[in-house]
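Trainee: Build me a model:
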Amino acid sequence: MYTREQIMNVVEGMGYKYFHDNGNKSYDVNIIGIRNSKTKGRVTNAFDDLITIAYKKEDGEWMYHEFACTTDPGTHWVENILNPDGVAILKPGQYRGSHKLRLHQGKYLALGQKKPVKVYRDANLDGKYDLIEESVKEGIYGINIHRATSRAGGKSTRVDKWSAGCQVIGSNDDWHEFLDICQVAREIHGNSFSYTLIESKDIS
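Mentor: Residues are numbered from 1 along each chain as shown. As a prediction, this is how the structure comes out:
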């Protein structure tokens, strides 16, 4: 849907860091989420956003992948709020060194939040994500990057309970492709990953 260069230009244009593998180190990954602006904040309960990952291979060739995901909480947690302040919706921005590979809910390897991130809190149950600056909180909230279905070859189509604010890849095959890249990156650069969230309206 997008090109690596489009994403890079947006990220750098916002003043964020885009990793170019300076020093001839490969797999210096750029993990960038793209929230679908066309929904205008409506709770779609669909995997209608993207997680992208871009990096250079050992020979210097750029690689770029897109995976259907949700960057928003599913209907279940919008309607059944866990936190009295409201459901968490990750605020767009760049979060340097925010995640590391570890077990998600003690079950399987994923990218777990290890540094504070900013989230909007929405508690009014109106079927829209209320992205109000006054509601923003910053902290460790378990905003992980993980998969939906565990079924090999499977693909989840409804978010439901899969996300209470996490960034969740819908396809099991896509997830394993993403995870494999992250594991190679960990071996080279250590267990620290940055995550950047932008909006599709930012991309020309």
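Trainee: going forward, measure contacts and count neighbours with C-alpha atoms only.
Mentor: Will do.
Trainee: Show me where the chain has its helices.
Mentor: Along the chain, the stretches classed as helices by DSSP state H are 4-13, 75-79, 172-189.
Trainee: Can you tell me which of those helices is most buried?
Mentor: Of all these, helix 75-79 carries the top mean neighbour count, a mean of 20, counting by mean count of other CA atoms under 10 Å.
Trainee: Output that one as PDB, nothing but the C-alphas.
Mentor: Extracted C-alpha coordinates of helix 75-79, given in PDB (Å, rounded to 0.1, in the frame of the first residue of the first chain):
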ATOM      1  CA  THR A  75     -15.000  -3.400  20.900                       C
ATOM      2  CA  HIS A  76     -15.000  -5.700  23.900                       C
ATOM      3  CA  TRP A  77     -12.600  -3.500  25.900                       C
ATOM      4  CA  VAL A  78     -14.100  -0.300  24.700                       C
ATOM      5  CA  GLU A  79     -17.400  -1.500  26.200                       C
END
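Trainee: So what touches it?
Mentor: Contact with helix 75-79 is made by 43-45, 87, 122-123, 125, 127, 159-161, 163-164, as judged by CA atoms under 8 Å, 6 or more residues apart in numbering.
Trainee: could you dump the residues you listed to JSON lines with pLDDT and distance to Val29?
Mentor: Shown next, in JSON lines, are these (pLDDT from 0 to 100; distance: CA to CA, whole Å):
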{"residue": "Val43", "pLDDT": "95", "distance to Val29": "30"}
{"residue": "Thr44", "pLDDT": "96", "distance to Val29": "29"}
{"residue": "Asn45", "pLDDT": "97", "distance to Val29": "28"}
{"residue": "Val87", "pLDDT": "94", "distance to Val29": "29"}
{"residue": "Asp122", "pLDDT": "92", "distance to Val29": "31"}
{"residue": "Ala123", "pLDDT": "88", "distance to Val29": "35"}
{"residue": "Leu125", "pLDDT": "76", "distance to Val29": "37"}
{"residue": "Gly127", "pLDDT": "82", "distance to Val29": "35"}
{"residue": "Val159", "pLDDT": "97", "distance to Val29": "26"}
{"residue": "Asp160", "pLDDT": "95", "distance to Val29": "29"}
{"residue": "Lys161", "pLDDT": "95", "distance to Val29": "28"}
{"residue": "Ser163", "pLDDT": "97", "distance to Val29": "24"}
{"residue": "Ala164", "pLDDT": "95", "distance to Val29": "25"}
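Trainee: related to what we said a few turns ago, looking at the helices of the chain, which one has the lowest mean pLDDT?
Mentor: With a mean of 92, helix 75-79 has the lowest mean pLDDT of the helices of the chain.
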